[in-house]
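kindly generate the corresponding structure for this input.
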Amino acid sequence: MIVLKDIPYHRGPIRDPFREFDLYYQKSSDLALLPLICFVHGGAWRSTRHLDHSNLARNLVSATTIPVIVPNYRLSSGSNDVRHPNHAEDILELLVFITTTSLELPRVFDPSKIYLISHSCGAHMLASIVLDSASVFPTLTPPSTVLNAIQGIILSEGIYDIDRLRLDFPAYHSWFITEAFNDKPSYAATNTTNLRLRSQSSIRWLIIHSKGDTLVNVAQSEAMFAHLQSLYGGLIGQAVWSNTDELTQEHDALLSTSTYLRIVVDFIKGANYVLAA
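The predicted model follows:
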């Protein structure tokens, strides 16, 4: 397996290690380009790096033969002013870079076919980009090249409703919510369960949540699943799936399980999921 580390995607005058990604892929003699998988890590908007998910990236490449990228993004801390939507802006900048400047990268994937996978707060970032948050955060408006490239989105152990999370886990407000979103009486403007659809019409969604997760409760995923059902329910050709029964591991531990890998690979390969009613 070939690994290219610390590829910059930010166009600023100074190279930023928080806006780089790693690319994992296998050599192939097949001239047909494969899609690309992008994994957006969690960490409460304040911790973990792309290197922490090297094993998952390698496992995904081995199981699918599809190239995988794992990006960094800027993190919130008391010593900086990085706040939502800055983290999601970075991921959107990455997606624009991938879909428009791929000639700068090895020609090992098709930039017009991307599968997005996320974990924890990464799910909030992806939902904030793909759903329509433009009225509140116009900087999260993706170009059509990005929206058209997204084939499917997998949201794992996601955070979607900050107000609900604060009610269910009061300690999170001082632990990371204030750092990532500032101290507010309500976070309704940031809740992705309030967002509507953009104009795209072919993206498939999978919501994953473990029964054993004590850090983010399944109520978050149930709310997002119900919201997506309401958005897509009347549209032909849309699909929203949920898997909240198979996994039993804790919040981070599930990422290293064979069950999680199989669920993800099946979705990407187009397995016969039961369409959400």
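
need phi/psi at the residue nearest the centre of the chain.
Taking Cα atoms, centre = their mean, the centroid of the chain lies closest to Ser118, which sits 3.1 Å from it. Per-residue torsions, Ser118: phi -140, psi 160 (degrees, to the nearest 10).

give the bridge partners for it, please.
Assessed by DSSP bridges, Ser118 has beta-bridge partners Val40, Leu155.

mind checking how far it is from His53?
Distance, Ser118 to His53, by Cβ to Cβ, to the nearest Å: 11 Å. From N, CA and C alone the C-beta is placed, and that goes for glycine too.

quick check: neighbours shared by these two?
Phe39, His41 (Cβ atoms under 8 Å, 6 or more residues apart in numbering).

helices of the stretch 51-200 of the chain, start to end?
Secondary structure of the stretch 51-200 of the chain by DSSP state H, counting those that start in this stretch: the helices cover 54-64, 86-100, 121-130, 144-149, 162-168, 172, 178-181.

want to throw the ones you listed into a markdown table with mean pLDDT and mean neighbour count?
Compiled in a markdown table, those are given as follows (pLDDT from 0 to 100; neighbours: other Cβ atoms under 10 Å):
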| stretch | mean pLDDT | mean neighbour count |
| --- | --- | --- |
| helix 54-64 | 95 | 18 |
| helix 86-100 | 96 | 21 |
| helix 121-130 | 97 | 27 |
| helix 144-149 | 94 | 17 |
| helix 162-168 | 97 | 17 |
| helix 172 | 97 | 18 |
| helix 178-181 | 95 | 19 |
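
for Ser258, find the nearest of these.
helix 54-64 (8.7 Å; Cβ to Cβ).

which elements pack onto that closest one?
For helix 54-64, the elements it packs on are strand 20-25, strand 34-40, strand 68-71, helix 258-268, judged by 3 or more Cβ pairs under 8 Å, 6 or more residues apart in numbering; DSSP states H and E.

tally of neighbours for Ser186?
A total of 10 residues lie near Ser186 under the criterion other Cβ atoms under 10 Å.

just the pLDDT for it.
Looking at Ser186, its pLDDT is 95.

surely it touches Arg166?
No - Ser186 is beyond contact range of Arg166, at 9.5 Å (criterion: Cβ atoms under 8 Å).

which ones are touching the residue nearest to the centre of the chain?
Contacts of Ser118 (Cβ under 8 Å, 6+ apart): Phe39, Val40, His41, Gly42, Met125, Leu126, Ile153, Ile154, Leu155, Ser156, Gly158.

turn the buried ones among those into a named ChimeraX selection, would you?
Entered in ChimeraX, the line below selects the buried ones among these, by 16 or more other Cβ atoms under 10 Å:
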select :39,40,41,42,125,126,153,154,155,156,158
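
same list (the contacts of Ser118) but as JSON lines, adding distance to Glu246.
Formatted as JSON lines, these follow (distance: Cβ to Cβ, whole Å):
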{"residue": "Phe39", "distance to Glu246": "20"}
{"residue": "Val40", "distance to Glu246": "22"}
{"residue": "His41", "distance to Glu246": "22"}
{"residue": "Gly42", "distance to Glu246": "20"}
{"residue": "Met125", "distance to Glu246": "25"}
{"residue": "Leu126", "distance to Glu246": "22"}
{"residue": "Ile153", "distance to Glu246": "19"}
{"residue": "Ile154", "distance to Glu246": "14"}
{"residue": "Leu155", "distance to Glu246": "16"}
{"residue": "Ser156", "distance to Glu246": "12"}
{"residue": "Gly158", "distance to Glu246": "16"}
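
where are the low-confidence patches of the stretch 1-150 of the chain?
Across the stretch 1-150 of the chain, residues meeting the criterion (pLDDT under 70) sit at 29-31, 50, 102-103.

again, only using 90
Along the stretch 1-150 of the chain, the model assigns pLDDT under 90 to residues 11-17, 27-33, 47-53, 77-80, 100-108.

what about the strands in the stretch 101-250 of the chain?
109-119, 150-156, 204-208, 239-243 (DSSP state E, counting those that start in this stretch).
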